[in-house]
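**Q** Provided below for reference: sequence and predicted model.
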Amino acid sequence: MSDTRKARRILNGAIQGDNAYSAITMFNAICEALPLLDRKKPEFKVKRTARGPLSFREKLLCRRLRDGGMPVHEIARRVNKNQGRVSEALKELADVEG
């Protein structure tokens, strides 16, 4: 997990320490700090099979659900699509109607 503050403290302590650090101590500080700079890849909430644009039927379903007062994130969960895709489809239909 990423913890850049802790890594910075370790490296600054090794460089600016009161005592003269040996090469081995500096090496150990670098080895301790490097893993703290790695980041984990984020997990996806929507399955990868849910990619692609919405079909016309899905767009109409989204419009009906939105007119019923359902929030966009709930609509996206129901049609198993990305929230951004649902929002784009709703905007597209609103532009066509108005």
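**A** Done, it's in. Residues are numbered from 1 along each chain as shown.

**Q** could you measure from R66 over to S22?
**A** Using C-beta to C-beta, to the nearest Å, we find R66 at a distance of 66 Å from S22. For the C-beta atoms, the positions are set from N, CA and C on the backbone; glycine is no exception.

**Q** the more surrounded of the two?
**A** Using other C-beta atoms under 10 Å as the criterion, R66 and S22 rank with R66 on top: 19 against 9.

**Q** skipping adjacent residues, who's closest to E74 in space?
**A** Leaving aside its chain neighbours, E74 sits nearest to L65 (7.8 Å; criterion: C-beta to C-beta, 6 or more residues apart in numbering).

**Q** could you check the pLDDT of that neighbour?
**A** We have a pLDDT of 93 for L65.

**Q** contacts for the host helix or strand of it?
**A** Using DSSP states H and E, L65 falls within helix 56-67. For helix 56-67, contacts defined as C-beta atoms under 8 Å, 6 or more residues apart in numbering pick out 54, 72, 74-75, 78-79, 81, 86, 89-90, 92-93.

**Q** ok, now with 7 Å
**A** 54, 75, 78-79, 86, 89-90, 93 (C-beta atoms under 7 Å, 6 or more residues apart in numbering).

**Q** walk me through the domains of the protein.
**A** Following automatic domain parsing, one gets these domains for the chain: 4-37, 48-97.

**Q** what's the most buried one of those domains?
**A** Among those, domain 48-97 has the highest mean neighbour count (mean count of other C-beta atoms under 10 Å), at a mean of 14.

**Q** roughly how far is that one from the heart of the chain?
**A** How far domain 48-97 lies from its chain's middle: 21 Å, per C-alpha atoms, centre = their mean, to the nearest Å.

**Q** start at 22 instead
**A** Renumbered: residue one is now 22, and that last one reads domain 69-118.

**Q** how about the secondary structure of the closest residue to R106 other than its chain neighbours?
**A** Distances taken as C-beta to C-beta, 6+ apart place L75 nearest to R106, at 5.9 Å, with adjacent residues excluded. Following DSSP: H, G, I helix; E, B strand; the rest coil, L75 is assigned to coil.

**Q** was I right to think L75 contacts Q104?
**A** No - using C-beta atoms under 7 Å, L75 is not in contact with Q104; the gap is 11.8 Å.
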